[in-house]
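Colleague: Got a predicted structure plus its sequence, pasted below:
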Amino acid sequence: MHLAPQAIEHWLREDSPGSLARLWEKADRLRRKAVSDAVQMRGLVEISNFCRRGCGYCGLHVGNTLLPRYRMSRGEILDAANQAVAFGFGTVVLQAGEDSGIEADWLADVIATIKADTPLAVTLSLGERTEKELALWRRAGADRYLLRFETSDEKLFAAIHPSLPGERSDRLALLRKLQGLGYETGGGVLIGLPGQSYASLAQDIALFAELDLDMVGSGPFIPHPDTLLGRGQGPAPLPAEEQVPNTALMGYKVLALTRLVCPEANLPCTTALTTLNTDHGLETGLQRGANVIMLNLTPQQLRPLYQIYPDKSCVSEDPEQTWAHLHQTLLAMGRPPGIGPGGRKHPT
Ligand code: SF4
């Protein structure tokens with residue numbers, strides 16, 4: 001459905017319960033029509049928390065010397081992939097900070113092994129890597145790549161995500177390169193960054209459709225105390241009538257509007273949303289446009305170290321118990337787990 005940025009902004013500002021109920025209903029109806037009732041399950045493996053960047057919003061930033069760093073071994077990653085298979089999931093997501101210690105050939109071998117030994121689709125989320133590395137991993141069998149652009153406001157992006165010396169960070173250009181390499185490509189934004197206006201967030205949502213993204217994951221900004229933004233040293237908030245709040249409600253509006261403009265895309269109910277709404281965050285997301293859940297399969301002792309923001313909802317979950325409980329919840333909702341890799345469905 002085409003929505004002009006002005007119409008998107010109108011919805012972002014909408015607070016009447018009756019109107020919002022209509023938005024949730026529209027998104028839910030379109031989700032059912034475009035991607036069915038199935039919920040695509042992804043096994044998330046946070047393979048390294050090293051990062052060379054200094055993002056002002058993320059606890060993994062290079063300057064955070066308080067954070068012990070880890071990089072998973074090949075065997076640990078393959079064990080986690082096998083756990084995804086045992087749970088019946090169709091995809092494993094290998095996520096890390098922008099870690100130059102993840103050697104390209106080594107990872108290509110891990111990807112090729114997963115593809116040879118399991119029926120899993122492989123999604124990568126490893127930050128801004130060179131075109132050569134991205135092409136190598138694609139040839140090794142990687143199916144998808146997630147790269148959130150966080151905000152399309154160039155000035156705000158530069159303030160929260162400094163470029164590295166001698167390189168200009170251009171995530172929109174990189175998304176197009178990923179599409180050219182044949183990856184199913186995912187993006188997304190942070191919701192409620194200080195300095196983010198309603199008009200800017202509306203532009204971001206319109207851009208999801210313009211980029212024809214296959215996956216979109218957006219979550220409310222949750223400050224981390226050991227970051228620039230968490231210390232209040234980042235961009236200043238706008239006046240209240242212009243500043244987007246970083247609330248769960250705003251997260252659900254963005255999710256529902258994303259479903260309206262990208263009907264066939266795979267949309268996760270993100271961990272940031274379930275962190276802000278621990279009681280029914282997941283179920284609510286699934287009723288407001290989401291069709292994907294990522295279950296954390298990172299070894300439990302490493303999970304507290306992948307601290308992009310504090311109190312992440314999945315840190316202490318036992319995967320077996322969580323999956324057993326979630327499975328029951330999905331069946332009770334009439335939203336059965338999807339079968340197979342669960343890639344983007346294109347309209348026929
Ligand atoms: S957001 Fe990504 S690139 Fe930025 S510091 Fe965190 S892990 Fe690194």
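Modeller: That came through fine.

Colleague: for the protein, what are the low-confidence residue spans?
Modeller: 313, 347-348 (pLDDT under 70).

Colleague: Residues of it that sit close to the ligand?
Modeller: Cys51, Arg53, Cys55, Cys58, Leu60, His61, Gly97, Glu98, Gly127, Ile308 (Cβ under 6 Å from any ligand atom). All C-beta spots, glycine's among them, are computed from the backbone N, C-alpha and C.

Colleague: what packs against the helix or strand where Lys155 lies?
Modeller: Assigned by DSSP states H and E, Lys155 belongs to helix 154-160. Under the contact criterion of 3 or more Cβ pairs under 8 Å, 6 or more residues apart in numbering; DSSP states H and E, helix 154-160 touches no helix or strand at all.

Colleague: Quick one: residues contacting the residue positioned nearest the centre of the chain.
Modeller: Among the residues of the chain, Gly217 comes closest to the average C-alpha position under Cα atoms, centre = their mean, at 3.8 Å. Counting by Cβ atoms under 8 Å, 6 or more residues apart in numbering, Gly217 touches Leu146, Arg148, Gly186, Gly188, Leu267, Pro268, Thr270.

Colleague: Check which helix or strand the residue nearest to Thr329 when sequence neighbours are not counted maps to.
Modeller: Nearest non-adjacent residue to Thr329, counting by Cβ to Cβ, 6 or more residues apart in numbering: Glu283, 6.7 Å away. In this structure, Glu283 sits in helix 281-286 according to DSSP H and E.

Colleague: And for that helix, what's in contact with it?
Modeller: The contact list for helix 281-286 (Cβ under 8 Å, 6+ apart) reads 39, 248, 252, 255, 269-270, 273-275, 277, 293, 313, 326, 329, 333, 335.

Colleague: So which of those residues belong to helices?
Modeller: Counted as lying in helices by DSSP state H, out of the contacts of helix 281-286, are Ala248, Tyr252, Leu255, Leu273, Thr274, Thr275, Leu326, Thr329.

Colleague: Leu107 touches Trp137, doesn't it?
Modeller: Yes. Counting by Cβ atoms under 8 Å, Leu107 does reach Trp137; the two are 6.3 Å apart.

Colleague: Which secondary structure element is home to Leu174?
Modeller: helix 171-180.

Colleague: Who are the packing partners of that helix?
Modeller: Taking 3+ Cβ pairs under 8 Å, 6+ apart as the contact cut, helix 171-180 packs with helix 131-139, strand 184-187.

Colleague: what do you get if the cut-off is 7 Å, keeping everything else the same?
Modeller: Applying 3 or more Cβ pairs under 7 Å, 6 or more residues apart in numbering; DSSP states H and E, one finds that helix 171-180 contacts strand 184-187.

Colleague: any residues touching the helix or strand following the strand it packs on, and which ones?
Modeller: Using DSSP H and E, the helix or strand that directly follows strand 184-187 along the chain is strand 190-191. With contact meaning Cβ atoms under 7 Å, 6 or more residues apart in numbering, strand 190-191 is reached by 57, 150-151, 201, 218-221, 244, 246, 250-251, 254.

Colleague: ok, whichever residue of the stretch 151-300 of the chain sits closest to the ligand - contacts?
Modeller: The nearest approach of the stretch 151-300 of the chain to the ligand comes at His161, 6.3 Å away (Cβ to the nearest ligand atom). The contact partners of His161, taken as Cβ under 7 Å, 6+ apart, are Cys55, Glu150, Ser169.

Colleague: any idea which of the contacts of Gly217 is closest to Arg22?
Modeller: Leu267 (19.0 Å; Cβ to Cβ).

Colleague: State the number of residues packed around the residue found closest to that closest one once you drop the neighbours it is linked to in the chain.
Modeller: Excluding its sequence neighbours, the residue lying closest to Leu267 (Cβ to Cβ, 6+ apart) is Ala290, at 5.0 Å. Using other Cβ atoms under 10 Å, Ala290 has 29 neighbouring residues.

Colleague: ok, Ala290 - contacts?
Modeller: Leu255, Leu267, Pro268, Cys269.

Colleague: for Ser73, phi and psi?
Modeller: Ser73 adopts backbone torsions of phi -80, psi 170, taken as degrees, to the nearest 10.

Colleague: er, Leu44 I mean
Modeller: Dihedral pair for Leu44: phi -100, psi 130, per degrees, to the nearest 10.

Colleague: Wait, it touches Ile293, no?
Modeller: No. Under the criterion of Cβ atoms under 7 Å, Leu44 is not in contact with Ile293, lying 9.7 Å apart.

Colleague: how far off helix 131-139 does the helix holding Leu174 point, in degrees?
Modeller: Taking axes from the mean of the first three to the mean of the last three Cα atoms, to 10 degrees, one finds helix 171-180 and helix 131-139 inclined to each other by 40 degrees.
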